[in-house]
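In: take a look and give me a structure for this.
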Amino acid sequence: MKIKATLLRVLLCLVLYAVPVVSQSTYGLPAGGVVTSEVGASSTFSIVLNTMPTANVAFNVRSTDPGEGVTNVNTITFTTMNWNVPQDIIVTGVQDAVDDGDVAYNVQFDAAVTTDPTYNGYKPSDVPVTNVDDDVAGVTVTPTTLTTTEAGGTAT
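Out: Take a look at the predicted model:
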């Protein structure tokens with residue numbers, strides 16, 4: 001009973017004094033997670049603020065491994081007019097011609113730059129991404145058929 005009462009107080013405090021932030025739950029993550037591939041497949045997710053800011057709020061956006069995947073934008077900016085409109089981020093896989101298996105990387109956000117004291121310095125959680133590998137290690141020999149003669153002829 002004591003745990004329930006404490007939890008209820010915590011939830012009430014969160015409701016009364018909640019700091020409006022962007023949280024993992026506000027991302028429009030695709031079912032099955034964010035997946036890209038080396039053949040250029042993309043995934044899209046969204047980010048939106050939970051409350052209206054008093055000034056523009058900008059987040060720099062980047063891939064932690066641009067050799068595996070890249071984002072379509074470098075910065076997302078929310079204003080007092082679009083704070084509640086989800087902004088899409090498209091992540092596209094990059095071909096690396098290396099048999100490195102499926103590689104995990106993240107879409108990373110820098111801390112917010114704004115004069116709004118609520119959002120200034122807030123850093124959203126990274127979004128995990130998997131880039132599906134399409135490379136297979138091996139050797140290709142060509143031509144596959146050579147013809148020689150019994151008299152010692154050679155083929156190249």
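
In: now do the SS call for the residue in the chain sticking out farthest from the centre.
Out: Centroid-distance maximum for the chain: residue 151 at 63.8 Å, with CA atoms, centre = their mean. Residue 151 carries the three-state label coil when classified by DSSP: H, G, I helix; E, B strand; the rest coil.

In: show me the contacts for it.
Out: Taking CB atoms under 8 Å, 6 or more residues apart in numbering, we find residue 151 in contact with no residue. Every residue, glycine included, has its C-beta placed from N, CA and C.

In: bridged to the residue most central in space within the chain, which residues?
Out: By CA atoms, centre = their mean, the chain has its centre lying nearest to residue 107, at 3.3 Å. Listed beta-bridge partners, residue 107: residue 63, residue 127 (assigned using DSSP bridges).

In: ok so, going back, confidence score at the residue farthest from the centre of the chain?
Out: pLDDT, residue 151: 76.

In: now residue 42: closest residue in space, sequence neighbours ignored.
Out: Distances taken as CB to CB, 6 or more residues apart in numbering put residue 92 closest to residue 42, at 4.4 Å, once the chain neighbours are dropped.

In: which of the three states applies to that neighbour?
Out: Per three-state DSSP, residue 92 ends up strand.

In: that one and residue 66 touch, don't they?
Out: No - applying CB atoms under 8 Å as the test, residue 92 and residue 66 come out as separate, 10.6 Å apart.

In: those two: who's more crowded?
Out: Taking other CB atoms under 10 Å, residue 92 and residue 66 do not tie; residue 92 has more neighbours (17 against 11).

In: element containing residue 55, please.
Out: Assigned by DSSP states H and E, residue 55 falls within no helix or strand.

In: which parts of this structure are strands?
Out: Applying DSSP state E to the chain gives strands spanning 34-37, 42-47, 57-63, 69-71, 75-78, 87-93, 103-109, 127-132.

In: CSV for these, including mean pLDDT and distance to residue 118?
Out: Output for the strands of the chain, formatted as CSV (pLDDT from 0 to 100; distance: least, CB to CB, whole Å):
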stretch, mean pLDDT, distance to residue 118
strand 34-37, 89, 27
strand 42-47, 90, 16
strand 57-63, 97, 9
strand 69-71, 96, 25
strand 75-78, 96, 12
strand 87-93, 93, 19
strand 103-109, 94, 16
strand 127-132, 92, 22
